[in-house]
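> Mind looking at a prediction? Sequence and model below.
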Amino acid sequence: RRHLLKQELVTLVLRRRRQGRRRKLWVHPINVLRRELLLDPARHHRYFRMSAEEIETLLSFVGPDLTKQTTNYRTPIEPKQRLAVTLRLLASVDSICSLAFTYRLGFETVSQCIMETCEAIERKMLATHLPRPTVETWRQTSQEFQEKLDFPKCLGLVNGKHIRHFLYYKGTFSVVLLALVDANCRFTAIQVGDFGRNNAFLPGGKDLGNISYTMVGDAAFLLKPYLMRPYSGHNISYEKDILNYRLCLARMTVEKSFVILAARWRILYQKINLLPSKVDTLVVAMCILHNFLTKPCDVEMWRQQGGAGMRQGMRSIAIQANRVGQEAVSVRQKFTKYFISVEGRIDWLYIV
């Protein structure tokens, strides 16, 4: 009996040793993933929504702010991994919990890395990639709209989207993103929630001739002297119909910008399970990165990747009843007359 008992004890000890024995890895799985992605630029771009070179450039902006001091108790997470975790969250529909398992990090650690990285992006890149517009900036933007869209004295295209987020104890809510977009699908000014980032200001209008500088919005915005919206109703005159069509052609650019934003940052395809203040920080960082990455040659590629998924996460703001002033009516009437004049008309619109 004693002999059998000893054998059972030895077997139990050996079994526990085998269960507790950890496999030693020459290379961490995350590092293997990085190397595989670097060897395949297309997969790298699909995974992070940017190239390895663009990540290195981005790291040159935010790397110093993401560097933590090494202590006797632990080694900090390197800046490149902090940035990788953040980009993967923005570029996918993965949850923070899923990323924590993927990168072998704690849930709170991943959450903190993401917020610190987004704050660093805003702090270090806002002034360079989403700067406050100047009078010279406005004039250059207006010239680009004239050259690309045949729209005179346009300072930008305005649109707004609801970005849904979820609070487990209150249900679904949304953060409103208002954006002003130039002719190159880049954000000129944004307002997220209750906080504006480099709010736009208009240049003086005394030296602008018969037509004032203006912005273009849809029916969700009120008609203002500096903001055009389409005529409402179905039975409208030919001249008004031409203006509505020209405004529609211009607004396609701002719609394209939001399609690109959501196609690149697919976290916008879903409800974001974070506090509103944290959602604001993420959205600002995504808009800055949008400007950082957007190139004219890439616009069509990203537009094709966008689709119905954007409508699940971002929705247009509601149409407002319009109470207009006489000055706003007068400005819109001037644009109406201009677009049917010999100087302002587009000939191909009249080809049957």
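That came through, no problem. Residues are numbered from 1 along each chain as shown.

> Isn't Q270 up against V93?
Yes - Q270 is in contact with V93 according to CB atoms under 8 Å; the separation is 5.3 Å. Bear in mind the C-beta positions are built from the backbone N, C-alpha and C, glycine included.

> more neighbours, these two?
With neighbours defined as other CB atoms under 10 Å, Q270 and V93 compare such that Q270 has more, 16 against 13.

> so where is the chain shaky, pLDDT-wise?
Residue ranges of the chain with pLDDT under 70: 1-3, 16-35, 38, 166-173, 194-210, 296-313, 319-323, 348-352.

> the longest strand in it is where?
Scanning the chain for the strand with the most residues, using DSSP state E, yields strand 154-167.

> how about it: buried residues?
For strand 154-167, the neighbour count (16 or more other CB atoms under 10 Å) marks C154, L155, G156, L157, V158, N159, G160, K161, H162, I163, R164, H165 as buried.

> Spatially nearest residue to the first one, not counting backbone neighbours?
Okay, so that is C154. Take C154 and drop its neighbours on the chain: the residue closest to it by CB to CB, 6 or more residues apart in numbering is F145, 4.0 Å away.

> Show me how far stretch 265-277 is from its chain's centre.
Offset of stretch 265-277 from its chain centre (CA atoms, centre = their mean, to the nearest Å): 11 Å.

> how long is that stretch end to end?
19 Å (CA to CA, to the nearest Å).

> related to what we said a few turns ago, ok, the helix or strand that the longest strand of the chain is followed by: who's next to it in the sheet?
Next along the chain after strand 154-167, taking DSSP states H and E as the criterion, comes strand 171-181. Applying DSSP bridges, strand 171-181 is found paired with strand 154-167 (antiparallel), strand 187-192 (antiparallel).

> Quick check: buried residues in strand 171-181?
Under 16+ other CB under 10 Å, the buried positions of strand 171-181 are S174, V175, L177, L178, A179, L180, V181.

> Closest one of these to K256?
Taking CB to CB as the measure, K256 sits nearest to V181 out of the buried residues of strand 171-181, at 8.7 Å.

> ok, now how distant is that closest one from E144?
Look at V181 and E144: by CB to CB, to the nearest Å, they are 11 Å apart.

> What sits closest to L149 if chain neighbours are left out?
A250 (5.4 Å).

> Tell me which helix or strand that neighbour sits in.
Using DSSP H and E, A250 sits within helix 238-264.

> Can you name the next helix or strand after that helix?
Following helix 238-264 in sequence order, the next helix or strand is helix 276-293 (DSSP H and E).

> Any idea how far apart the tips of stretch 213-225 sit?
9 Å.

> tell me which residues of it are tucked away?
Using 16+ other CB under 10 Å as the test for burial, stretch 213-225 gives Y213, T214, M215, V216, G217, D218, A219, F221, L223, K224, P225.

> For the second one, give the beta-bridge partners.
Okay, so that is T214. For T214, the beta-bridge partners are C154 (DSSP bridges).

> State the three-state secondary structure for the residue nearest to C154.
What DSSP: H, G, I helix; E, B strand; the rest coil gives for F145 is helix.

> So what's the residue count around it?
21.

> Quick check: it vs V254, distance?
To V254, F145 is 12 Å away according to CB to CB.

> just the strands in this protein please.
154-167, 171-181, 187-192, 195-197, 214-216, 227-228, 314-316.

> want to throw those strands into CSV with distance to I55?
Shown next, in CSV, are the strands of the chain (distance: least, CB to CB, whole Å):
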stretch, distance to I55
strand 154-167, 25
strand 171-181, 25
strand 187-192, 21
strand 195-197, 23
strand 214-216, 34
strand 227-228, 38
strand 314-316, 25
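
> on that earlier part again, next, the angle strand 187-192 makes with the helix holding A250.
Compare the direction of helix 238-264 with that of strand 187-192 by axes from the mean of the first three to the mean of the last three CA atoms, to 10 degrees and you get 80 degrees.

> Could you double-check that R49 lies in contact with A91?
Yes - using CB under 8 Å, R49 makes contact with A91 at a distance of 4.2 Å.

> Mind listing the shared neighbours of the two?
By the contact definition CB atoms under 8 Å, 6 or more residues apart in numbering, R49 and A91 are jointly contacted by R264, W265.

> how many other residues sit next to the nearest residue to L247 once chain neighbours are set aside?
Distances taken as CB to CB, 6+ apart put P230 closest to L247, at 5.2 Å, once the chain neighbours are dropped. By other CB under 10 Å, the residues close to P230 number 21.

> R46 now?
R46 is flanked by 13 other residues according to other CB under 10 Å.

> who touches the residue nearest to L149 in this structure?
Residues near A250 by CB under 8 Å, 6+ apart: F145, L149, F151, C154, L157, V216.

> 10 Å - rerun?
Applying CB atoms under 10 Å, 6 or more residues apart in numbering, one finds that A250 lies in contact with F145, K148, L149, D150, F151, C154, G156, L157, A183, M215, V216, M228.

> In these, find the pair that's most separated.
Top of the distance list for the contacts of A250 (CB to CB): K148 and M228, 17.5 Å.

> Of these two, which one has the most company?
Applying other CB under 10 Å to K148 and M228 shows that M228 carries more neighbours, namely 25 against 13.

> Quick check, that one in contact with G217.
Yes - between M228 and G217 there is a contact at 7.0 Å, judged by CB atoms under 10 Å.

> Where do the helices of the stretch 1-150 of the chain begin and end?
2-20, 29-39, 41-48, 52-66, 79-91, 96-102, 107-129, 135-149 (DSSP state H, counting those that start in this stretch).
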